[in-house]
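# Return atomic coordinates for the entry below.
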Amino acid sequence: MSGSLNAALAVARLTGLLLLRRRRILFVGLLVLLPALLPVVVAGLRGPHQEGAQGLELFAVLAEFGYLGTLVPLAAILLGTALMGDDLEGGTSTYLLTRSAPRSAIVLGKAAAYSVVMAATFLPALVLTLASAVVTAPPGVDPGDAVRLFLQTAGVVWAGSVVYGALCGLLGTATQRPVIYSTVFVFGWEPLTRIVPGYVDFLTVKKHLLALWPAVTMGDAIGGTEITRRVIDVGVGEATVVLVLLTLAFLGLTTLTLRTKAFVGGQTLG
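Okay, here's the model as predicted:
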């Protein structure tokens, strides 16, 4: 057990350093800062008597559609598919996977490094977006509501990055074109299920993430802002269990895929 843990920690440190050195992380880091500019733009375009989304309501919209709906899966596609995919494609996996470290330790180490890097990338961006939304909003935003809303949205955003990253990591290990398959699933299949009647949308990740997503209802000047939890056809507990099981299944399948691959002459087969 200690040997596997040490191997996982070593892989996590190496993977974290490699992720931070990639140009992709710089590109993702710049993208996640863009929503923080939108409240300033909205405030500048809004007329003196014009009503619109503002404060915590605006932050919730930006976090849901900007981060959870777009930037989180995009970052997973750019970085998650490369966790094992780049090693397999470049041939460096031969030196990594022929060591005595268990395949499961390698997968868990890479997944842990990816999760930490995603947290370090998205959490500061969410803080800046919240601050931008609050500063440009009319006075009256309750600090307690802001902190509570931030913790809820940040938790779901991070959970989404973990699940999508595990899925993209599996596709990067098992397929030759993981970016294409990941893009089709995230930006093709998942939006399509919203307009298809029935229970097809249960076969998506976002369905269960949105069950955990907080909704903001703007009240009157006395009542303040009410933060509620929106549940769409699936309970919070059930959604949490499904997301955990999906993540474990993706990581397990990635480990199984690595175990079935053969390495001949510095090339990966199968």
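# how about stretch 70-81: buried residues?
Neighbour-count burial for stretch 70-81, counted by 16 or more other C-beta atoms under 10 Å, picks out 71-81. To be clear about C-beta, it is placed using only N, CA and C from the backbone, and glycine gets the same treatment.
# Of those, which is the nearest to residue 235?
residue 72 (22.3 Å; C-beta to C-beta).
# ok, the closest one touching residue 163?
No. Contact criterion C-beta atoms under 8 Å: residue 72 and residue 163 do not qualify, at 9.3 Å.
# on that earlier part again, sitting in helices, which of the buried residues of stretch 70-81 do you find?
Applying DSSP state H to the buried residues of stretch 70-81, the entries found in helices are 72-75.
# Going along the chain, name the strands of the stretch 101-250 of the chain.
With DSSP state E, counting those that start in this stretch, the ranges of strands along the stretch 101-250 of the chain come out as 214-218, 225-229.
# Lowest average pLDDT across these?
For the strands of the stretch 101-250 of the chain, mean pLDDT drops lowest on strand 225-229, to a mean of 50.
# distance of the residue nearest in space to the middle of the chain from residue 176?
Nearest to the geometric centre of the chain sits residue 161, at 1.7 Å (C-alpha atoms, centre = their mean). Going from residue 161 to residue 176 by C-beta to C-beta, to the nearest Å gives 24 Å.
# quick one: contacts for residue 77?
Counting by C-beta atoms under 8 Å, 6 or more residues apart in numbering, residue 77 makes contact with 164, 168, 179, 182-183, 186.
# Recalculate using a threshold of 10 Å.
24, 164-165, 167-168, 171-172, 178-183, 185-187 (C-beta atoms under 10 Å, 6 or more residues apart in numbering).
# so residue 161 touches residue 111, yeah?
No. Taking contacts as C-beta atoms under 10 Å, residue 161 lies outside contact range of residue 111: 11.0 Å.
# Which residues are in contact with each of those two?
With C-beta under 10 Å, 6+ apart, residue 161 and residue 111 have common neighbours residue 80.
# Please read off the pLDDT at the nearest residue to residue 77 once chain neighbours are set aside from the model.
Of all residues not flanking residue 77 in the chain, residue 182 sits nearest, at 4.6 Å (C-beta to C-beta, 6 or more residues apart in numbering). For residue 182, the model assigns a pLDDT of 94.
# ok, residue 182 touching residue 82?
No. Contact criterion C-beta under 10 Å: residue 182 and residue 82 do not qualify, at 11.1 Å.
# burial measure for residue 2, as a count.
Using other C-beta atoms under 10 Å, residue 2 is surrounded by 6 other residues.
# same question, the one 5 residues further on
By other C-beta under 10 Å, the residues close to residue 7 number 19.
# circling back to that earlier point, pLDDT and distance to residue 13 for the ones in helices among the buried residues of stretch 70-81 - can I get that in JSON lines?
Shown next, in JSON lines, are those (pLDDT from 0 to 100; distance: C-beta to C-beta, whole Å):
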{"residue": "72", "pLDDT": "96", "distance to residue 13": "24"}
{"residue": "73", "pLDDT": "95", "distance to residue 13": "26"}
{"residue": "74", "pLDDT": "95", "distance to residue 13": "26"}
{"residue": "75", "pLDDT": "94", "distance to residue 13": "21"}
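# ok, of those, which one's closest to residue 199?
residue 73 (21.7 Å).
# Look up how far residue 210 lies from the closest one.
For residue 73, the distance to residue 210 equals 13 Å [C-beta to C-beta].
# which residues of the stretch 1-150 of the chain fall in helices?
2-21, 23-31, 38-45, 56-61, 72-75, 82-90, 93-97, 103-135, 143-174 (DSSP state H, counting those that start in this stretch).
# Please identify which of those helices is closest to residue 192.
Per C-beta to C-beta, nearest to residue 192 of the helices of the stretch 1-150 of the chain: helix 72-75, 14.5 Å.
# The closest residue to the residue nearest to the centre of the chain other than its chain neighbours and residue 78: what is the separation?
Excluding its sequence neighbours, the residue lying closest to residue 161 (C-beta to C-beta, 6+ apart) is residue 118, at 4.0 Å. For residue 118, the distance to residue 78 (C-beta to C-beta) stands at 11 Å.
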